[in-house]
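Chemist: Attaching a predicted model along with its sequence, questions to come.
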Amino acid sequence: MVSLLLLAAALWATLWWARVAWAGLRADRRLDALEEVAPEPPPGGWPGLSVIVAARDEARGAERAVRSLLGQDYPELTVVAIDDRSSDGTAEILDRLAAESARLAVRHLRRLPEGWLGKNHACAQGAEVGASRWILFTDGDVVFAPSALRRAVAYAESRHLGHLAALPRLLAPGVLEKAFVATFAAHANVGFRTWELRDPGTAGFVGIGAFNLVRRDEYRRVGGHERVRFEAIDDAKLGMVLRRSGVRQGAIRAGALVSVRWNHGFLATWRGLLKNAFAATEYRWPLALGAALGLGVAALGPLAAAVAGGGAARVAGIGGLVLSTATVGAAVRRIGGGSGAEALLAPVAAPALGLAVLASAALATWRGQVVWRGTAYPLEALRRGCVRVRDWPSDSAVGWDRRW
């Protein structure tokens, strides 16, 4: 009986990792690389671009991030930094940089209106500044290579897109940290289904907090951040609202041109998920339990079968371990490269991801609230403000020229 259970777990895990691996392969085949885009102006010249940097307590990385934007070779650029009630010196850093560069405008927010999450409100306020054709929403710790914005706008204009999300390089120096981040990215790819973005009527959508480039007219047409004002995963849900409102949406791999370190160290990265992992399940306990259980069995099932199973169970377990290692290894290379040793930690990284989802749900339920960047948001209000995927059918999702 035990051997049969181990065999079933190993086979199920193999199917799980096969799905994740297949999603990665399909995304690799359909997504272009930003480094390969020629930074040439579109017909009529470079359109205006406003970069909105939402920052709250980002003193650790804000200066480097903003300087990388001020160093862009994009000719029609304005950088708008929104200091959202920071208490760690972020405001002073931004004001000093603004005194050095006319390209940078800084706005300080002192209060958060009722019915808004902090970052969402900051992005909405930033979008009110200027009248450029394009708006790029990014975070206060993202670093850009000098040609990143020219390449991104050139790509979006040539494909007639209304929204372009660039997948950044995720910096994670530690072995376990990199394995964990890669495992997260691989599973997020399954959810986004970016390979479907060129095909009309498909369910895929994408939104990346580090790089959401949106045409201003399309952003306003769908209601902007007002639509996601109390949504904890606002970047992804804004992408969903845009695509399912008929906006042409694309995704591109940014490589070394856009980089960000999610958090500093494995434990900090794991804890960082506690604020919004429950939101990824739209605050539904069955989904949270299913994700946690699935990730645990996917990682530990093959290991248990390989060690304690016999015959077919052991063979299936070894096969599952090989596939999980190969899948995480491919994800490591996809997010920014590594030694290869990180993939061996898949049996640790995947259960840790599942545990983060479960802990996020448990903490939010127990506290009755989610604390994010020093602000407490009631769980029931977050549930009411959740922008649910099921309420936005994909019938209106448009594709774009598949020759590209």
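Modeler: Noted; the coordinates are in hand.
Chemist: Show me how the record splits the chain into domains.
Modeler: Using automatic domain parsing, the domain parsing of the chain gives 2-25+274-394, 27-175+182-267.
Chemist: Out of these, which gets nearest to residue 400?
Modeler: Of all those, it is domain 27-175+182-267 that lies closest to residue 400, at 4.9 Å by Cβ to Cβ. Bear in mind the C-beta positions are built from the backbone N, C-alpha and C, glycine included.
Chemist: How far does the closest one stretch from one end to the other?
Modeler: Domain 27-175+182-267 has an end-to-end distance of 29 Å (Cα to Cα, to the nearest Å).
Chemist: For the stretch 101-250 of the chain, which segments count as helices?
Modeler: For the stretch 101-250 of the chain, the helices defined by DSSP state H, counting those that start in this stretch cover 118-127, 148-158, 175-192, 216-221, 234-243.
Chemist: so which of the ones you listed is the most packed in?
Modeler: Across the helices of the stretch 101-250 of the chain, averaging neighbours per residue (mean count of other Cβ atoms under 10 Å) puts helix 234-243 on top, at a mean of 26.
Chemist: ok, and what's touching that one?
Modeler: For helix 234-243, contacts defined as Cβ atoms under 8 Å, 6 or more residues apart in numbering pick out 117, 119-120, 123, 137, 162-163, 165, 192, 197, 204-209, 212, 214, 218-219, 222-223, 225, 227-228, 231, 249, 387, 389, 392, 394, 397-398.
Chemist: The same query, at a cut-off of 7 Å, please.
Modeler: Applying Cβ atoms under 7 Å, 6 or more residues apart in numbering, the set of residues contacting helix 234-243 from outside is 117, 119-120, 162-163, 165, 205-209, 212, 214, 218, 222, 225, 227-228, 231, 249, 387, 389, 392, 397.
Chemist: Could you do stretch 59-74 as well?
Modeler: 46, 49, 51, 53, 55, 79, 81, 88-90, 93-94, 97, 101, 103-104, 140-144, 146-147, 149-150.
Chemist: can I assume residue 46 is in contact with residue 75?
Modeler: Yes. In this structure, residue 46 is within contact of residue 75 by Cβ atoms under 7 Å, at 5.3 Å.
Chemist: And the two? Which one has more around it.
Modeler: residue 46 (20 against 11; other Cβ atoms under 10 Å).
Chemist: State the pLDDT value of the more buried one.
Modeler: Per-residue confidence (pLDDT) for residue 46: 96.
Chemist: cool, and residue 183?
Modeler: For residue 183, the predicted pLDDT is 93.
Chemist: can you pull the contacts of it?
Modeler: 328, 331, 346, 349-350, 353.
Chemist: what about the spatially closest residue to it that is not a sequence neighbour, which helix or strand?
Modeler: Using Cβ to Cβ, 6 or more residues apart in numbering and skipping residues adjacent in sequence, the residue nearest residue 183 is residue 349, 4.2 Å away. Using DSSP states H and E, the element containing residue 349 is helix 346-367.
Chemist: Report the distance from that helix to the chain centre.
Modeler: Distance, stretch centre to chain centre, for helix 346-367: 18 Å (Cα atoms, centre = their mean, to the nearest Å).
Chemist: what residues does that helix touch?
Modeler: When contacts are defined by Cβ under 7 Å, 6+ apart, helix 346-367 is touched by residues 176, 179-180, 183-184, 270, 273-274, 277-278, 281, 285, 288, 291-292, 295-296, 298-300, 303, 324-325, 328, 370, 379.
Chemist: any chance you could map the helices in the stretch 301-404 of the chain?
Modeler: Under DSSP H, counting those that start in this stretch, the stretch 301-404 of the chain gives helices at 312-335, 346-367, 379-385.
Chemist: Nearest to residue 133, out of those?
Modeler: helix 379-385 (29.8 Å).
Chemist: low pLDDT regions in the stretch 101-250 of the chain?
Modeler: Applying pLDDT under 70 to the stretch 101-250 of the chain flags no residue at all.
Chemist: what ranges do the strands span in this structure?
Modeler: With strands called from DSSP state E, the chain shows them at 32-33, 49-55, 77-84, 104-109, 134-139, 143-144, 163-170, 212-215, 249-260, 369-372, 375-378.
Chemist: do you know which of those strands lies nearest residue 17?
Modeler: Across the strands of the chain, residue 17 has its closest neighbour in strand 163-170 (20.3 Å, Cβ to Cβ).
Chemist: mind listing what that closest one pairs with, with the direction of each?
Modeler: As defined by DSSP bridges, the strand partners of strand 163-170 come to strand 212-215 (antiparallel), strand 249-260 (parallel).
Chemist: Take these and write them to TSV, including distance to residue 315 and mean neighbour count.
Modeler: Below are the strands paired with strand 163-170 laid out as TSV (distance: least, Cβ to Cβ, whole Å; neighbours: other Cβ atoms under 10 Å):
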stretch	distance to residue 315	mean neighbour count
strand 212-215	45	25
strand 249-260	36	23
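Chemist: Ok, which of those strands comes nearest residue 27?
Modeler: Nearest of those (Cβ to Cβ): strand 249-260, 8.1 Å.
Chemist: Using PDB, write down the CA coordinates of the closest one.
Modeler: Taking C-alpha atoms only, strand 249-260 is exported to PDB below (Å, rounded to 0.1, in the frame of the first residue of the first chain):
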ATOM      1  CA  GLN A 249      -0.500  43.100 -24.800                       C
ATOM      2  CA  GLY A 250       3.000  41.800 -25.100                       C
ATOM      3  CA  ALA A 251       5.700  40.400 -22.900                       C
ATOM      4  CA  ILE A 252       9.500  40.400 -23.500                       C
ATOM      5  CA  ARG A 253      12.500  39.100 -21.700                       C
ATOM      6  CA  ALA A 254      14.500  42.000 -20.500                       C
ATOM      7  CA  GLY A 255      17.700  40.100 -19.600                       C
ATOM      8  CA  ALA A 256      20.400  42.300 -18.100                       C
ATOM      9  CA  LEU A 257      18.700  45.500 -19.400                       C
ATOM     10  CA  VAL A 258      16.300  45.500 -16.400                       C
ATOM     11  CA  SER A 259      17.300  44.000 -13.100                       C
ATOM     12  CA  VAL A 260      16.000  43.800  -9.600                       C
END
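Chemist: Looking at this protein, which helix is longest?
Modeler: helix 2-30 (DSSP state H).
Chemist: Any regions of the stretch 301-404 of the chain where pLDDT drops low?
Modeler: Checking the stretch 301-404 of the chain against pLDDT under 70 turns up 309-310, 401-404.
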